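Participant: next input, structure requested:
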Amino acid sequence: MRKLTLCCALLAMAAPFAFGAPRCADMLKFQTAGVTLAITKADATPAGTQKIPFPPGAPPVALPAYCRVEGVIDQRTGAEGKQYGIGFAVALPDQWNGRFLFQGGGGLNGSVAPPLGLQAAGNQPALARGFAVVTTDTGHKGSGFDGSFFRDQQATLDFYYVAIGRVAHLAKEMIASYYGRAAEHSYFDGCSTGGREAMIMSQRYPDYFDGIISGDPAIRTGHSNLALGFMTAIFDQAAPKDDSGKPDPKKTFSPSDRKLIVGSLLQACDAKDGVKDGMIFNQRACNFDPAALMCSGAKTDTCLSKTQVDTLKTAFAGPKWSYGDQIYPGFPFDAGIDDKGFIPGLLSGPVIPVATGADFTHFDVDREAARVEADKTAQLGDSLWTNLTTFSGHGGKLLFYHGLSDPWFSPLETLRYYEKMAKDTGGSPVASAVTSWSRLYMVPGMGHCQGGSATLDRFDMLSAVVDWVEKGVAPDRVVATGPAFPGRSRPLCPYPQHAEYTGHGDPNDASNFVCQE
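Facilitator: Down below sits the predicted model:
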C-alpha cells in the first residue's frame with residue numbers, strides 16, 4: 001500500500017495539470033540574464049473555444065488549457081518621443097508535446113497576435129496539438145500597415161530581423177523554465193510578412209529552428225509594390241474615366257470581360273492535369289495567350305479590344321528596365337485572378353498594400369525601379385540570402401508554399417528564389433542536394449496565404465515538416481482540401497511536379513492522383 005501511495009504521488013507530480021494556475025502565476029517573476037524584460041501578464045486559460053481574427057468569419061477554434069504569458073523586451077523612448085519595445089505572447093499548454101512553434105506576423109506587424117499556430121496547419125492549430133507557441137509585434141505598436149515606426153532606427157532593425165531572433169531565444173528560455181526542460185524540437189511557421197520572417201530565420205539565425213515553413217513570402221516588398229504600381233499604371237491607361245477625368249483601373253475589364261478571360265484560361269489549361277475541374281494544376285504547361293480573345297470587329301462581350309489584350313499581356317508580364325531586363329517577375333494566369341475575396345484578384349485592379357507615392361499617370365518604370373533600389377534601408381528586410389549551408393547542415397528542413405493567384409507577391413518570385421537557392425547549393429531545382437532538405441509547393445487558385453473560389457487552401461504543412469524533421473519522412477505530397485470544393489482533395493506536389501489524374505477512380509479523391517513533371 002505504501003508503494004502504491006508513493007507511485008500515485010509521483011504520477012501526480014508529473015501530471016499535465018501540474019502546469020495549471022499556480023505554476024502560470026509564477027511566470028510573472030520570470031527574468032533572464034542580459035534581457036531587459038517586463039512580464040505584464042500570466043493568465044491560466046481554461047480549455048474552450050477562441051475566436052480568431054483572420055480570415056473574417058472564420059469559426060472559433062477549440063483549444064486546450066494553457067498559460068498565456070505576455071511581456072515586453074527593451075521598453076524605451078525612441079524617435080519623436082514615441083514609446084517602443086518588443087511585445088510578445090507565449091502560450092504554454094498544460095499538456096505539452098515537447099515542441100516549440102514561432103508564429104510569424106503579417107503586414108507591418110505592430111500588434112501581438114493570439115499565439116495559436118493556425119497558418120498552414122490544416123484543421124488543428126499548433127496550440128491544440130500541444131505546441132508551445134510564441135508571437136510578437138516585432139518592436140512597435142500600430143495598425144497593419146502603419147509605417148511611422150520606420151523613423152526610429154532601432155524599431156526598423158527590430159522589424160526587419162532583430163526582434164524575431166530575440167523573441168525566439170527568450171521564448172526557448174521561458175519554455176525551459178516553465179516545463180523544467182528544453183523544447184525537443186523548434187519550428188517556425190508564417191505567411192506573407194511571416195513568410196519573409198521564416199526566410200530570415202533560415203538565413204540569419206540558421207541554428208535556431210529544426211523546421212521552417214514559409215508561405216507567400218514578402219521577399220522584396222519594394223519590388224513587389226513596384227510591380228503592382230506598374231500594373232496599376234498599365235490598367236489606368238486602358239481604363240474608362242470617371243466624371244472628373246480620373247481613370248478607374250477596377251473598370252479596365254468589365255464583369256463580362258473578366259468572366260471571358262477566366263473561362264478562356266480554363267478552357268486552355270484546366271484539363272492539362274488530366275481532369276477538367278475548374279483548377280489549373282499543371283501551370284507549367286499552361287499556354288494561355290490573351291491574343292486569342294481579340295475582337296476581329298467591334299467590341300462585344302465575347303471578345304477583348306486590342307487595347308485590353310495588350311494591357312493584359314503587358315501587366316501580367318511584369319515590369320522591365322527600358323533595356324529589357326526583368327525587374328520583378330510577372331504574375332501567372334491562374335483560375336483565381338478574378339476572385340472577390342479579402343484581397344481582390346488582379347483582374348479587378350491591383351491593391352498596393354503600402355502607398356508608394358508613385359504617379360500612375362506618368363509612371364516611369366526606370367525611375368521607380370531606381371528609387372526602390374536606392375532605398376538601402378528598406379532592403380535590410382529583403383530575404384535574398386541563398387547560402388543556407390549551416391541551416392541545412394544541422395538537419396534543418398525548409399518548406400515553401402505560394403498561392404498561384406496571390407495578388408500581392410508573385411509566386412514566380414518565390415520560384416526564382418528557390419531555383420537560385422538550389423543552384424547556389426550546387427545543383428538544379430530538383431537536385432537531391434536541395435530536395436533532401438527543402439521543397440516548394442505551388443497552390444492552384446489560392447490568393448494571398450489562403451482563400452479563393454478555385455482553390456483547395458486547407459493543408460497541413462506543419463505535420464509535413466514535423467514528420468520530415470523527426471521521422472525522416474520527406475513530404476512527397478501534401479493533401480489539400482477546402483471550402484471552395486466540398487468533398488474534393490488533391491495532392492500538392494513539390495516543384496517541379498504537379499498533381500496528375502491517373503484516369504482511374506474518383507477524380508475528387510487525392511489518392512487517384514500522382515505527382516509527376
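
Participant: what segments of the stretch 1-150 of the chain are strands?
Facilitator: Using DSSP state E, counting those that start in this stretch, the strands of the stretch 1-150 of the chain run over 37-45, 48-50, 61-63, 66-77, 83-93, 99-103, 132-136.

Participant: distance to residue 385, mean neighbour count and mean pLDDT added to the ones you listed, as a markdown table?
Facilitator: For glycine as for every other residue, the C-beta is placed from the backbone atoms N, C-alpha and C. As requested, the strands of the stretch 1-150 of the chain are exported to a markdown table (distance: least, CB to CB, whole Å; neighbours: other CB atoms under 10 Å; pLDDT from 0 to 100):
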| stretch | distance to residue 385 | mean neighbour count | mean pLDDT |
| --- | --- | --- | --- |
| strand 37-45 | 30 | 16 | 97 |
| strand 48-50 | 36 | 11 | 90 |
| strand 61-63 | 35 | 17 | 92 |
| strand 66-77 | 25 | 19 | 97 |
| strand 83-93 | 23 | 23 | 98 |
| strand 99-103 | 19 | 28 | 98 |
| strand 132-136 | 22 | 28 | 98 |
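
Participant: got a markdown table for the ones you listed, with distance to residue 159 too?
Facilitator: A markdown table is the format used below for the strands of the stretch 1-150 of the chain (distance: least, CB to CB, whole Å):
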| stretch | distance to residue 159 |
| --- | --- |
| strand 37-45 | 20 |
| strand 48-50 | 27 |
| strand 61-63 | 28 |
| strand 66-77 | 14 |
| strand 83-93 | 10 |
| strand 99-103 | 16 |
| strand 132-136 | 10 |
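
Participant: quick check: which of those is nearest to residue 334?
Facilitator: Taking CB to CB, strand 99-103 is the member of the strands of the stretch 1-150 of the chain nearest to residue 334, at 27.7 Å.

Participant: could you check the angle strand 132-136 makes with that closest one?
Facilitator: Angle, strand 99-103 to strand 132-136, by axes from the mean of the first three to the mean of the last three CA atoms, to 10 degrees: 20 degrees.

Participant: strand partners (parallel or antiparallel) of strand 99-103?
Facilitator: Note on strand 99-103: by DSSP bridges, its sheet partners are strand 132-136 (parallel), strand 185-191 (parallel).

Participant: looking at the strands of the stretch 1-150 of the chain, which is nearest to residue 219?
Facilitator: Residue 219 lies closest to strand 99-103 among these, at 18.9 Å (CB to CB).

Participant: find the nearest non-adjacent residue to residue 378, please.
Facilitator: Of all residues not flanking residue 378 in the chain, residue 222 sits nearest, at 5.1 Å (CB to CB, 6 or more residues apart in numbering).

Participant: just the pLDDT at the one you found, thanks.
Facilitator: Confidence at residue 222, expressed as pLDDT, is 95.

Participant: does it touch residue 372 like I think?
Facilitator: Yes - using CB atoms under 8 Å, residue 222 is in contact with residue 372, at 4.1 Å.

Participant: overlap in contacts of the two?
Facilitator: Common neighbours of residue 222 and residue 372 (criterion: CB atoms under 8 Å, 6 or more residues apart in numbering): residue 378.

Participant: wait, which of the strands paired with strand 99-103 is closest to residue 322?
Facilitator: Residue 322 lies closest, by CB to CB, to one member of the strands paired with strand 99-103: strand 185-191, at 34.5 Å.

Participant: pull that closest one out as PDB, backbone CA atoms only.
Facilitator: Taking C-alpha atoms only, strand 185-191 is exported to PDB below (Å, rounded to 0.1, in the frame of the first residue of the first chain):
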ATOM      1  CA  HIS A 185      12.300  20.500 -31.500                       C
ATOM      2  CA  SER A 186      11.700  24.100 -32.700                       C
ATOM      3  CA  TYR A 187       9.600  25.200 -35.700                       C
ATOM      4  CA  PHE A 188       8.800  28.500 -37.400                       C
ATOM      5  CA  ASP A 189       5.600  28.900 -39.400                       C
ATOM      6  CA  GLY A 190       4.500  32.100 -41.200                       C
ATOM      7  CA  CYS A 191       2.900  33.600 -44.300                       C
END
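
Participant: what sits up against that strand?
Facilitator: Strand 185-191 is contacted by residues 98-106, 117, 119-121, 126, 131, 168, 172, 196-198, 201, 208-217, 449-450, 461-462, 465-466, 469-470 when judged by CB under 8 Å, 6+ apart.

Participant: could you find the closest non-adjacent residue to the residue nearest the centre of the chain?
Facilitator: For the chain, the residue nearest the mean C-alpha position is residue 191 (1.8 Å; CA atoms, centre = their mean). Distance criterion CB to CB, 6+ apart; nearest residue to residue 191, sequence neighbours excluded, is residue 215 at 3.4 Å.

Participant: any idea how far stretch 170-179 is from the chain center?
Facilitator: Remark: stretch 170-179 is offset 27 Å from the chain centroid, using CA atoms, centre = their mean, to the nearest Å.

Participant: likewise for stretch 194-203?
Facilitator: Relative to its parent chain, stretch 194-203 has a centroid offset of 10 Å by CA atoms, centre = their mean.

Participant: picking that back up, among the contacts of strand 185-191, which are in helices?
Facilitator: 126, 168, 172, 196-198, 201, 461-462, 465-466, 469-470 (DSSP state H).

Participant: let's see if you can find the most crowded of those.
Facilitator: Highest neighbour count within those: residue 197, with 32 neighbours (other CB atoms under 10 Å).

Participant: and the next element down the chain from the strand or helix carrying the residue nearest to residue 378?
Facilitator: Under the criterion DSSP states H and E, the helix or strand holding residue 222 is helix 221-238. For helix 221-238, the following helix or strand on the C-terminal side (DSSP H and E) is helix 255-269.

Participant: show me what whichever helix or strand comes after that next one is in contact with.
Facilitator: Next helix or strand after helix 255-269 toward the C-terminus (DSSP H and E): helix 306-317. Residues from elsewhere that reach helix 306-317, judged by CB under 8 Å, 6+ apart: 230-231, 234-235, 237-238, 252-253, 257, 261, 290-291, 293-295, 304, 330-333, 346.

Participant: residues of the helix or strand just after helix 306-317 that come out buried?
Facilitator: For helix 306-317, the following helix or strand on the C-terminal side (DSSP H and E) is helix 365-374. For helix 365-374, the neighbour count (16 or more other CB atoms under 10 Å) marks 365, 368, 369, 372 as buried.

Participant: perfect, I'm done here.
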